[in-house]
Structures are given as C-alpha cells and as structure tokens.
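Visitor: Fold the following.
(2 chains)
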Amino acid sequence: GAVVSQHPSRVICKSGTSVKIECRSLDFQATTMFWYRQFPKKSLMLMATSNEGSKATYEQGVEKDKFLINHASLTLSTLTVTSAHPEDSSFYICSAPQPGGYANEQFFGPGTRLTVL
Amino acid sequence: AQSVTQLDSHVSVSEGTPVLLRCNYSSSYSPSLFWYVQHPNKGLQLLLKYTSAATLVKGINGFEAEFKKSETSFHLTKPSAHMSDAAEYFCVVGRPTGANNLFFGTGTRLTVIP
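Guide: Reported below is the predicted structural model:
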C-alpha cells in the first residue's frame, strides 16, 4: 500500500545550525503534503501545507523564515529548520493525502525526532 | 470551530478484556471523524473513519467506533485486547471536504497487561 517515509528518523544538532527533514511519498504522487509538530504528551499541530511547485501555506503563529518548506517534486517535500534552537526540539511528522480518499484522509510518515543541544 | 477531547491520557487493560477509549468532539460542521494509532517509531495508521454514513464504524484489527451526535462522542472499542494493541491512539476531527483541517486529540496511551 501507499507509504510515506521520512528521513532522518532522528537528528541531534547544535544550536544555531540548520536541519533538513525529507518527506517522501512512495508509490504515489502527492501535490500536497502536510507538516505537523508533536510536543510530548500533546496532540499534533499542523505547521504548514506544502504545495508542489508553489509556496507553502503556513498556519498562524508558524514562522515561515524559521521553517522553510520546499516541495520540489510530486514525491518529495522538505522541511528545513533554520538556525535551530533548543525550543525547536520536537517530533516532526509529515503526511500526504490518500489517493482517492477524502481530502483529509492522509498517510502519515514515521516522524523525525529533532533534538537541539 | 472544531476541537476534540480525549478523556483519558492513559488506559490500562488486561489482555483479553474489552477496550474503551473515549473521545468527544466539537464541530461547527457535519464532521468527519477518525481514529489513528501510533506505534513507537511508526507512522500514524488509520484505524477507522466516520464520514456521515453508518454511525457504527468498523475498522481494522477488530476495532469499532460509534458516532453519537446527541452525545458528540466517537468512542473507540474492541471486545478483546491483544498485546499488539499497546500503542498511542488519536481521535481526529476534520471537515468532510476541502483543505486539510485535521484537529487531533492529545492522544490516549493504551497499555495491555499480559
């Protein structure tokens, strides 16, 4: 079946560095992908909608210059956390709409745990 | 506006006993409702969905949920818990059509005791 992958699964970086997270749709194309952030013992919060070939749409309160999103192809979206700081440490999850499903039926990636020292 | 409340952050059951994970929602629209399961280091997997068809929804792995509009509830049940059911469960409410507007509950961690 359709699967969404993320890479890396875990990353540790120093404060001030940038980190790129990849989200790939396997076996299907996704013109739209979504990026979520999950805090410990909290629900997933939508950060932004990634649109292939155009600018991402960010949710209110999410800094677009901090969280750069690129959707360069129909199977790949990237999230770059720029100048990361400890408060950016979190679990980042991407998703893609299920082909043929309702707009809000999604396949989710396994997530990327970011730790900023 | 939409929101979802999972009433229990942690549920513990013995293997072979029934599972009940509670979820209440609030929606200005006729909602679509989902239950997702998240195993450690795995992506969220769809268990079942309600999209204004039958109010009793059957999902994978023996799970089912009943949409009760009068109670604004969508509780997840399973007659007999298996060890492999131990995971985090999320109740999610969304709009039936249109852009991604998924609202996640805070999750319920299910522990299954052998």
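Visitor: I'd like the average pLDDT over stretch B:102-113.
Guide: Mean pLDDT, stretch B:102-113: 92.
Visitor: If you rank every helix and strand of the chain by mean pLDDT, what lands last?
Guide: Since you didn't name a chain, this refers to chain A. The weakest-scoring helix or strand in chain A, judged by mean pLDDT, DSSP states H and E, is strand A:106-108 (a mean of 87).
Visitor: actually it's chain B I care about, not the one you picked
Guide: strand B:102-104 (a mean of 84).
Visitor: do that one and chain A meet?
Guide: Yes. Using CB under 8 Å from any CB of the partner chain, strand B:102-104 reaches chain A at B:Leu102, B:Phe103, B:Phe104. Glycine gets a C-beta too; all of them are placed from N, C-alpha and C.
Visitor: which residues of chain B score low on pLDDT?
Guide: Applying pLDDT under 70 to chain B picks out residues B:1, B:41, B:95-101.
Visitor: relative to its centroid, which residue of the chain is most remote?
Guide: I'll assume chain A. The centre of chain A is farthest from one residue, A:Gly100, which by CA atoms, centre = their mean lies 21.8 Å away.
Visitor: circling back to that earlier point, can you name the residues in contact with the least confident helix or strand of chain B?
Guide: A:43-46, A:104, A:106, B:2-4, B:34, B:90-94 (CB atoms under 8 Å, 6 or more residues apart in numbering or on different chains).
Visitor: 6 Å - rerun?
Guide: A:Ser43, A:Leu44, A:Asn104, B:Gln2, B:Ser3, B:Val4, B:Phe90, B:Val92, B:Val93, B:Gly94 (CB atoms under 6 Å, 6 or more residues apart in numbering or on different chains).
Visitor: Quick check: the closest residue to the fifth one other than its chain neighbours vs B:Thr106, distance?
Guide: Taking CB to CB, 6 or more residues apart in numbering or on different chains, and ignoring the residues beside it in sequence, B:Ser3 has B:Ser26 as its nearest neighbour in space, at 4.7 Å. Note on B:Ser26: its distance to B:Thr106, by CB to CB, to the nearest Å, is 14 Å.
Visitor: higher neighbour count, the two?
Guide: Each of B:Ser26 and B:Thr106 has its neighbours counted (other CB atoms under 10 Å in any protein chain shown); B:Thr106 has more, 16 against 13.
Visitor: mind checking the SS state of the more buried one?
Guide: Secondary structure, DSSP: H, G, I helix; E, B strand; the rest coil: B:Thr106 is coil.
Visitor: for it, what are its contacts?
Guide: Contacts of B:Thr106 by CB under 6 Å, 6+ apart are A:Lys42, A:Ser43, B:Gln6.
Visitor: Right, I'll call it a day here.
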